[in-house]
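**Q** mind folding the following:
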Amino acid sequence: MSTFGKKLRECREAKGLSQKELAKLLNTSYSVIGKYERDEMQPSIEAAKKIAKLVDTTVGYLLSESEQENVLKDPDMLKRLTEIEKMEDTDKGHILSVIDGFIKSIKLKNIAAL
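**A** Below you'll find the predicted structure:
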């Protein structure tokens, strides 16, 4: 299993940031970023949130709570989910049922294609 440090490094590099660049964005030193990446030190919750945002992932991914590093990073998807979240529970339930139906249909179609 990947550690916080390994995941941080992967995400940082995928974003094209050096340790120094990430450190500057976090108002810290690059040696602190190095310690995070070597798992010698853990960031505070607030620092972890900032790091996740800067490297386009979630705290859950960095902490191995999720295997998807870009979960909910699509701005269009986030906008739609935010709109759904604002709805009354009845309307939200109807929309989620429709979405579940589409997902099930697509999965069945993909299984049939095999």
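
**Q** now the helices for the protein?
**A** Secondary structure of the chain (DSSP state H): helices at 4-14, 19-26, 30-37, 45-54, 59-62, 75-86, 89-113.

**Q** low-confidence stretches in this structure?
**A** Residues of the chain that meet the criterion pLDDT under 70 lie in 1, 66-75.

**Q** let's go with 80 and repeat that
**A** 1, 65-79, 82, 114 (pLDDT under 80).

**Q** care to break it down by domain?
**A** 4-62, 75-113 (automatic domain parsing).

**Q** got JSON lines for the ones you listed, with mean neighbour count too?
**A** Glycine gets a C-beta too; all of them are placed from N, C-alpha and C. Formatted as JSON lines, the domains of the chain follow (neighbours: other Cβ atoms under 10 Å):
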{"stretch": "domain 4-62", "mean neighbour count": "16"}
{"stretch": "domain 75-113", "mean neighbour count": "10"}
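
**Q** distance-wise, check Ala14 relative to Thr57.
**A** Using Cβ to Cβ, to the nearest Å, Ala14 is found at 9 Å from Thr57.
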